[in-house]
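# Structure, please.
(one chain, ligands or ions: 2)
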Amino acid sequence: MSNPVLETQSTGSESFRDATSTISKGKRMWLFPKKQTGKIFKWRNYVAYVLLGFLILWPFVKYDGHPFFLFNVLERKFIFFGIPFWPQDFFLFGLTMVTLIVFIIFFTSIFGRWWCGWSCPQTIFMEFIFRKIEYWIDGDSSQQRLLAESKWTARKIRLRLAKVFIFYIISFFIANIFLAYVIGIDGLYKIATEPISQHFGGFISIIIFSFVFFFVFAYMREQVCLVVCPYGRLQGVLLDKNSIVVAYDHMRGEPRGKVSSLHGDCIDCKLCVNVCPTGIDIRNGTQLECINCAACIDACDSIMTKVNKPEGLIRYSSSDSIEKRNPFKFTTRMWAYLFVFTLLFSIVSILIIRRPDVEATVLRAPGQLFMKQPGGKVSNLFTVTLVNKTFHDQEVELKLINFNAELKLMGQQTLHILKDGSLNEPFLIIADELLIKKNKNPITIEVYSKGKMIDVVKTNFIGPVKIQE
Ligand code: SF4
Ligand code: SF4
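Residues are numbered from 1 along each chain as shown. Ligands and ions are numbered 1, 2, ... in the order given. Predicted coordinates:
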């Protein structure tokens with residue numbers, strides 16, 4: 001492991017890196033983490049339930065008659081904070097994603113995996129819903145282990161069935177919530193209330209996703225964070241010695257041993273290991289498996305209190321702070337990330353603010369330069385494509401400026417674009433041939449909606465003059 005922050009801090013042995021904490025010789029080692037308690041866990045509970053509340057309620061929130069958030073990948077329709085984005089906004093979408101990635105890099109370089117421990121839906125559902133139900137049905141760590149190792153009895157079957165049933169019901173609920181983000185709460189309501197035959201695809205999706213969530217929370221669990229999640233895999237390059245992570249103060253704790261003035265503060269009770277939902281020993285140093293849930297901080301604090309030692313043997317700290325007792329330093333690397341993020345965020349904000357309600361693209365009709373018209377006129381044929389990016393019908397007007405000519409629609413008299421819709425309309429620009437002095441004449445077409453200019457398109461009018469001036 002090249003990253004110095006991931007180097008072994010205390011024991012000097014690297015053997016724990018030979019395998020992940022939960023897989024040995026190709027076999028999954030099932031974890032039975034102890035119930036978490038403590039100050040940080042209390043705050044994590046508050047945060048988790050507030051975030052859960054938002055997650056569940058957002059699909060019901062509408063703005064201007066439409067979902068506040070929608071991620072309809074099937075129809076390529078996205079709404080963020082009430083602002084609709086269309087396939088034509090792909091560039092903006094891509095830039096927003098890049099900005100988000102830079103923000104994640106910036107945030108992680110300072111705070112490590114705080115996101116994973118405090119706000120990731122996987123952790124919140126696992127630790128604050130499913131794990132709590134498991135404790136309620138099966139008991140704490142040791143009882144769970146006993147039950148798992150015991151023979152099948154009527155009691156065990158009853159407990160297992162109860163757990164599977166409750167887990168599946170919650171997974172079904174989660175599948176519905178996530179589907180509401182994709183098809184909207186109205187679409188979900190239709191699936192729930194109308195005959196299955198009319199929404200067979202949606203119905204099957206709910207069933208499939210319910211099983212996927214059930215599989216994730218009943219079986220996969222911490223493996224999602226250890227093996228599947230790409231963010232977890234990136235920690236080795238995102239963290240450095242100045243990142244604030246959940247860290248064991250090996251300077252203070254080692255050598256570990258029973259309470260005695262000959263030893264450091266760690267009494268080797270292993271409570272920090274027993275509560276860890278990813279099954280690691282944080283005393284080995286920062287590891288990729290650590291999701292920064294802080295369960296080990298709470299556990300160790302409770303032990304320190306019992307042995308009359310100061311809390312914080314395991315705490316949020318940087319590797320540098322622990323080894324050199326330096327306060328947190330905002331490094332050049334962090335400033336660089338902040339600079340790039342601020343720049344990208346400003347660009348994205350300006351682009352979103354200035355994004356027109358109707359996007360207009362004007363293209364010359366293929367295969368034609370100009371046409372002679374009666375009365376000494378010459379014309380160019382164009383096609384305007386208008387995309388309405390709002391939830392309202394738009395009445396659009398095209399105005400030709402800086403060029404002495406007439407703009408004439410060929411089909412309809414007005415350009416009426418339905419909400420969420422688009423329109424292709426041919427039009428002519430007709431000029432007096434005598435006034436055309438150049439072969440290629442730059443022209444500007446302003447696009448107006450409700451008297452307000454919403455877009456400006458620049459193109460050229462091709463005249464019959466053969467020699468360019
Ligand atoms: S080492 Fe501590 S913070 Fe990291 S996952 Fe385990 S309990 Fe959570
Ligand atoms: S909980 Fe604290 S005292 Fe106990 S083993 Fe972990 S670090 Fe040492």
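# Only C-alpha atoms from now on, for both contacts and neighbour counts.
Fine.
# Count the neighbours of Asp320 for me.
As a burial measure, Asp320 scores 18 neighbours (other C-alpha atoms under 10 Å).
# if I look at it, how far off is Pro327?
According to C-alpha to C-alpha, to the nearest Å, Asp320 stands 8 Å off from Pro327.
# Show me what the mean pLDDT comes to for stretch 156-166.
Stretch 156-166 carries an average pLDDT of 97.
# Pull the residues that contact that stretch.
Residues outside stretch 156-166 that contact it (C-alpha atoms under 8 Å, 6 or more residues apart in numbering): 133-134, 137-138, 147.
# go with 7 Å
With contact meaning C-alpha atoms under 7 Å, 6 or more residues apart in numbering, stretch 156-166 is reached by Ile137.
# Over to stretch 173-185?
Under C-alpha under 7 Å, 6+ apart, the answer for stretch 173-185 is 56, 59-60, 67, 69-73, 188, 206, 209-210.
# what's Phe69 in contact with, if anything?
59, 79-82, 181 are the contacts of Phe69 under C-alpha under 7 Å, 6+ apart.
# As a markdown table, those with distance to Gly279 and pLDDT would be great.
Shown next, in a markdown table, are the contacts of Phe69 (distance: C-alpha to C-alpha, whole Å; pLDDT from 0 to 100):
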| residue | distance to Gly279 | pLDDT |
| --- | --- | --- |
| Pro59 | 35 | 95 |
| Ile79 | 39 | 89 |
| Phe80 | 37 | 86 |
| Phe81 | 38 | 87 |
| Gly82 | 42 | 87 |
| Tyr181 | 33 | 95 |
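# Produce a PyMOL select command limited to the buried residues of those.
Of the contacts of Phe69, the buried ones go into a single PyMOL selection, burial set by 16 or more other C-alpha atoms under 10 Å:
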select buried, resi 59+79+82+181
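# Show me which of the contacts of Phe69 is closest to Leu363.
Nearest to Leu363, judged by C-alpha to C-alpha, of the contacts of Phe69 is Ile79 at 28.8 Å.
# Regarding Gly375, what is its secondary structure?
coil (DSSP: H, G, I helix; E, B strand; the rest coil).
# residues near it, how many?
By other C-alpha under 10 Å, 8 other residues sit near Gly375.
# With the one 5 residues further on instead?
Other residues near Asn380 come to 21 when the count uses other C-alpha under 10 Å.
# On the three-state scheme, the residue of the stretch 101-250 of the chain found nearest ligand 1 is what?
Residue nearest to ligand 1 within the stretch 101-250 of the chain (C-alpha to the nearest ligand atom): Val246, separated by 5.4 Å. Classification of Val246 using three-state DSSP returns strand.
# Nearest residue to it in space, please, no chain neighbours.
Spatial nearest neighbour of Val246, excluding adjacent residues (C-alpha to C-alpha, 6 or more residues apart in numbering): Tyr316 at 4.6 Å.
# Do you know the pLDDT at Ile101?
pLDDT, Ile101: 94.
# The helix or strand that the residue nearest to Val246 is a member of pairs with which strands, parallel or anti?
Taking DSSP states H and E as the criterion, Tyr316 maps to strand 314-317. Within its sheet, strand 314-317 is paired with strand 245-248 (antiparallel), according to DSSP bridges.
# and the strand it pairs with, is it in reach of ligand 2?
No - Strand 245-248 is not in contact with ligand 2 by C-alpha under 6 Å from any ligand atom; minimum separation 6.7 Å.
# How far does the helix or strand that comes right after that strand sit from its chain's centre?
The helix or strand immediately downstream of strand 245-248 is helix 250-253, counting by DSSP H and E. Chain-centre distance of helix 250-253: 37 Å, with C-alpha atoms, centre = their mean, to the nearest Å.
# go on, stretch 273-281?
Relative to where its chain is centred, stretch 273-281 has its mean C-alpha point 27 Å off (C-alpha atoms, centre = their mean).
# Would you mind measuring the gap between the ends of that stretch?
Using C-alpha to C-alpha, the two ends of stretch 273-281 sit 5 Å apart.
# which other residues reach it?
21-22, 31, 33-36, 222, 289-290, 295-296.
# Quick check: can you list the domain ranges of this protein?
Following automatic domain parsing, one finds the domains of the chain at 1-355, 358-462.
# can you give me the strands for the stretch 1-150 of the chain?
Along the stretch 1-150 of the chain, counting by DSSP state E, counting those that start in this stretch, strands occupy 23-24, 27-28, 62-63, 66-67, 70-72, 77-80, 83-85.
# As TSV, the ones you listed with distance to Gly421 would be great.
Shown next, in TSV, are the strands of the stretch 1-150 of the chain (distance: least, C-alpha to C-alpha, whole Å):
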stretch	distance to Gly421
strand 23-24	53
strand 27-28	52
strand 62-63	19
strand 66-67	15
strand 70-72	16
strand 77-80	12
strand 83-85	12
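# now for the ones you listed, which one comes closest to Ile124?
Minimum separation from Ile124 across these (C-alpha to C-alpha) falls at strand 70-72, 21.1 Å.
# what does the average pLDDT come to for the closest one?
So the average pLDDT for strand 70-72 ends up being 91.
# Now do it: distance to the chain's middle.
The answer for strand 70-72 is 13 Å, by C-alpha atoms, centre = their mean.
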